[in-house]
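1. need the 3D shape of this:
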Amino acid sequence: MTKDAVDTTSPPDQELVRLMWQEARDLIKRLEGTTVRRLSVQAGEYKVEIELGGYVEAAPASYSGPVAMGDRGEPARVAAVADTRVPIVAPLVGTFFGAPQPGARPFVEVGDMVEPGQTVAIVEAMKIMNQVASEHRGRVAEIAVKDGEWVEFQQPLVYLEPQEGGA
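-> Reported below is the predicted structural model:
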């Protein structure tokens, strides 16, 4: 075997597998509420694939054996829960605020009905307050971030349960 060849007969280092699983779980949480159904990331000879309802693997790209086994000996699966909620996402990177000013009533609270065009939050970026408006009609099911928390572009901020008569 040459120095550059990948050994496909031995399983990967278990600590590395544990770290890859941890990364995969973190990615799954970050993708929650997005339209992404499949994600594949490769670093050197290792590859992480995430697919809704599919397997999560952490193995050398050429390694064909299972990496982690469930309690009954079958490959471990990532549970995919059907989520019909509609996310309202951050339009840019910045700081999330749920109210127009400190101490004021929040724009929305869990259980509130939201109409298209209604402001649900503010994302501050470079001292500019950017209003985040809903594009859909629905009931607020969850506010996914806390006041003053840093948010990333396209990160879900609020989840709505769709209601009749909305887009």
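
2. buried set for stretch 120-133?
-> Residues of stretch 120-133 classed as buried by neighbour count (16 or more other Cβ atoms under 10 Å): Val120, Ala121, Ile122, Val123, Val132. In short, each C-beta sits where N, CA and C put it, glycine included.

3. how does the protein divide into domains?
-> What automatic domain parsing lists as the domains of the chain is 1-83, 86-162.

4. those: lowest mean pLDDT?
-> Among the domains of the chain, domain 1-83 carries the lowest mean pLDDT, a mean of 59.

5. quick one: the helices in this structure?
-> Using DSSP state H, the helices of the chain run over residues 14-31.

6. so where do the strands sit in this structure?
-> 38-43, 46-51, 57-60, 86-89, 94-97, 113-114, 119-125, 128-133, 138-143, 150-151, 156-162 (DSSP state E).

7. please identify which of these is closest to Glu23.
-> Among the strands of the chain, strand 46-51 comes nearest to Glu23, with 6.4 Å by Cβ to Cβ.

8. quick revisit: export the strands of the chain as TSV, with columns for distance to Gln22.
-> Listed next are these as TSV, based on distance: least, Cβ to Cβ, whole Å:
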stretch	distance to Gln22
strand 38-43	14
strand 46-51	11
strand 57-60	9
strand 86-89	24
strand 94-97	25
strand 113-114	35
strand 119-125	28
strand 128-133	31
strand 138-143	24
strand 150-151	21
strand 156-162	21
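
9. nearest to Met20, of these?
-> strand 57-60 (3.0 Å).

10. if we can go back for a sec, what's the closest of the strands of the chain to Asp26?
-> strand 46-51 (10.5 Å).

11. from what I can see Lys146 touches Thr95, true?
-> No: if you go by Cβ atoms under 8 Å, Lys146 and Thr95 don't touch, sitting 10.8 Å apart.

12. picking up where we left off before, between the strands of the chain, which one is closest to Ala24.
-> Proximity to Ala24, assessed across the strands of the chain by Cβ to Cβ, is greatest for strand 46-51 (5.2 Å).

13. ok, back up a step: more crowded one of Lys146 and Thr95?
-> The neighbour count for Lys146 versus Thr95, taken as other Cβ atoms under 10 Å, is higher for Thr95 (15 against 8).

14. just to revisit the earlier point, return the member of the buried residues of stretch 120-133 nearest to Val158.
-> Once Cβ to Cβ is applied, the member of these that ends up nearest Val158 is Val120, at 5.1 Å.

15. give me every residue that touches that closest one.
-> Ile88, Phe107, Val108, Val114, Val132, Ala133, Ser134, Val140, Leu157, Val158 (Cβ atoms under 8 Å, 6 or more residues apart in numbering).
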